[in-house]
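Asks: Let me see the structure of the following:
(2 chains)
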Number of protein chains: 2
Amino acid sequence: MATSEAHVTRIMLAVNESTIRGYPHASISSRGAFEWTLQKIVRSNASGFKLLFLHVQVPDEDGFDDMDSIYASPDDFKSMKNRDRARGLHLLEFFVTRCHEIGVACESWIKKGDPKEVICHEVKRIQPDLLVLGSRGLGPFQRVFVGTVSEFCVKHAECPVVTIKRRSDETPQDPVDD
Amino acid sequence: MATSEAHVTRIMLAVNESTIRGYPHASISSRGAFEWTLQKIVRSNASGFKLLFLHVQVPDEDGFDDMDSIYASPDDFKSMKNRDRARGLHLLEFFVTRCHEIGVACESWIKKGDPKEVICHEVKRIQPDLLVLGSRGLGPFQRVFVGTVSEFCVKHAECPVVTIKRRSDETPQDPVDD
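Replies: This is a model prediction of the structure:
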């Protein structure tokens, strides 16, 4: 066999929570990208790959989710941060558990910020062999309003990028949902 | 192992000839995309994959290459077509031979037309699991003049697409060359 087995192929997957079901549920497109990676790329060669799961949390700038919360002390903010972190870890647990079951090495971590910027920054830092991104597969009209992370990363990430669109039978009634 | 082994993963690669060395030599970016696919995706799992090589020949509209040729009978055109075909087959032979050596199943074929249109059309017909394209990795200024096949296919091909840029140490003096 001419190809080198010295190093595993490191595949980074950016995963996020479902907009419909919320934490700890993964979005439809994240799951789809993960399943595609296992079925089409990793296949039975579990020892040849390492999956790197990045979950980027968007800082809750408008505080909408916390409308009914009262922040009276620094500890209140701390507990909010802890809650966010716990939710993120729950999301990552799903992916890590699946990998563990099928014997694929993996790592996972959480970052805060603008997903597209953070993903490209982490690609630069981690230098994976491939970045796999789930995509809602929105049309040009819908994209104007929501902006797509995948489109930005295809252009700017410093590694090969593959975008996995949702299957049409998995697309929710409002395709912006995920 | 949870992933299905029922079907192999079918990876389509669009390959073209070198602009510097001409037929039968493959372009730097085609070779790079091929080597990346073997090293990072197929790895030691040769039986899990099938590679589909498509070579698109651009019809020689301005006849520049044939300035000194004389076409006096229908047979002259026929022999030109045969010559093009033979050159294309020579190019494909390189990829098919490499696959044969390492035991990866493959198929290859030639089409005529506008590469980006033909590639997307063939993706629709063949429905591969992944399309791998080599790319010269040109900057925005250079792209204006040469147009890039990969950019078009990332947007329009009806399957996941990954673009493999040339390594910087492989980029010729004129980056439009390949």
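
Asks: need the next SSE after the lowest-mean-pLDDT helix or strand in chain A, C-terminal direction.
Replies: Least confident helix or strand, chain A: helix A:140-146 with a mean of 63, by mean pLDDT, DSSP states H and E. Toward the C-terminus, helix A:140-146 is succeeded by helix A:149-156 as the next helix or strand (DSSP states H and E).

Asks: Looking at the next helix or strand after that following helix now, give me its mean pLDDT.
Replies: Tracing the chain C-terminally past helix A:149-156 and defining elements by DSSP H and E, one meets strand A:161-165 next. Across strand A:161-165, the average pLDDT comes to 94.

Asks: ok, and what's touching strand A:161-165?
Replies: A:29, A:32-33, A:36, A:130-137, A:150, A:153-154, B:130, B:154, B:160-163 (Cβ atoms under 8 Å, 6 or more residues apart in numbering or on different chains). C-beta coordinates here come from the backbone N, C-alpha and C atoms, glycine included.

Asks: low-confidence ranges in chain A?
Replies: For chain A, applying pLDDT under 70 flags the ranges A:1-6, A:60-69, A:140-147.

Asks: what does it have sitting close to chain B?
Replies: A:1-5, A:9, A:36, A:38-46, A:48, A:101-103, A:129-130, A:154, A:160-165 (Cβ under 8 Å from any Cβ of the partner chain).

Asks: Okay, and which of those map to helices?
Replies: A:36, A:101, A:102, A:154 (DSSP state H).

Asks: Look at the spatially closest residue to the last one that is not a sequence neighbour and say how many residues are nearby.
Replies: In other words, residue A:154. Once flanking residues are discounted, residue A:154 sits nearest to residue A:161: 5.0 Å by Cβ to Cβ, 6 or more residues apart in numbering or on different chains. Neighbours of residue A:161 under the rule other Cβ atoms under 10 Å in any protein chain shown: 24.

Asks: Over to residue A:27?
Replies: 21.

Asks: got the contact list for it?
Replies: Contacts of residue A:27 by Cβ under 8 Å, 6+ apart are A:15, A:16, A:17, A:18, A:19, A:134, A:178.

Asks: 7 Å instead?
Replies: Shown in contact with residue A:27 (Cβ atoms under 7 Å, 6 or more residues apart in numbering or on different chains): A:16, A:17, A:18, A:19, A:134, A:178.

Asks: How about the last one, nearest residue that isn't a chain neighbour?
Replies: What it means is residue A:178. Leaving out its chain neighbours, the residue that sits closest to residue A:178 by Cβ to Cβ, 6+ apart is residue A:27, at 4.2 Å.

Asks: and if you look at the first one?
Replies: Residue nearest to residue A:16 in three dimensions, not counting chain neighbours: residue A:27, with 5.1 Å by Cβ to Cβ, 6+ apart.

Asks: cool, residue A:110 as well?
Replies: residue A:88 (4.3 Å).

Asks: surely the one you found meets residue A:53?
Replies: No. In this structure residue A:88 lies outside contact range of residue A:53 using Cβ atoms under 7 Å: 10.6 Å.

Asks: Work out for me the element residue A:91 sits within.
Replies: helix A:74-102.

Asks: Can you give the distance of the helix or strand following that helix from its chain's centre?
Replies: Remark: after helix A:74-102, the chain's next helix or strand is strand A:105-112, criterion DSSP H and E. In terms of Cα atoms, centre = their mean, to the nearest Å, the centre of strand A:105-112 is found 9 Å from the chain centre.

Asks: Can you list the neighbours in contact with strand A:105-112?
Replies: Under Cβ under 7 Å, 6+ apart, the answer for strand A:105-112 is A:8, A:50-57, A:59, A:85, A:88, A:92, A:95-96, A:99, A:118, A:122.

Asks: CA-only coordinates of it in CSV, if you can.
Replies: Extracted C-alpha coordinates of strand A:105-112, given in CSV (Å, rounded to 0.1, in the frame of the first residue of the first chain):
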residue,chain,number,x,y,z
ALA,A,105,-10.6,8.6,18.2
CYS,A,106,-12.0,12.1,18.8
GLU,A,107,-11.6,15.3,20.7
SER,A,108,-14.1,18.1,21.3
TRP,A,109,-14.1,21.6,22.6
ILE,A,110,-16.2,24.8,22.9
LYS,A,111,-15.4,28.3,21.8
LYS,A,112,-17.4,31.5,22.0
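
Asks: Give me the angle between it and helix A:74-102.
Replies: Taking axes from the mean of the first three to the mean of the last three Cα atoms, to 10 degrees, one finds that strand A:105-112 is oriented at 160 degrees with respect to helix A:74-102.

Asks: in strand A:105-112, what's buried?
Replies: A:106, A:108, A:110, A:111 (16 or more other Cβ atoms under 10 Å in any protein chain shown).

Asks: And for stretch A:148-162?
Replies: Of the residues in stretch A:148-162, those buried (16+ other Cβ under 10 Å) are A:148, A:149, A:150, A:151, A:152, A:153, A:154, A:157, A:159, A:160, A:161, A:162.
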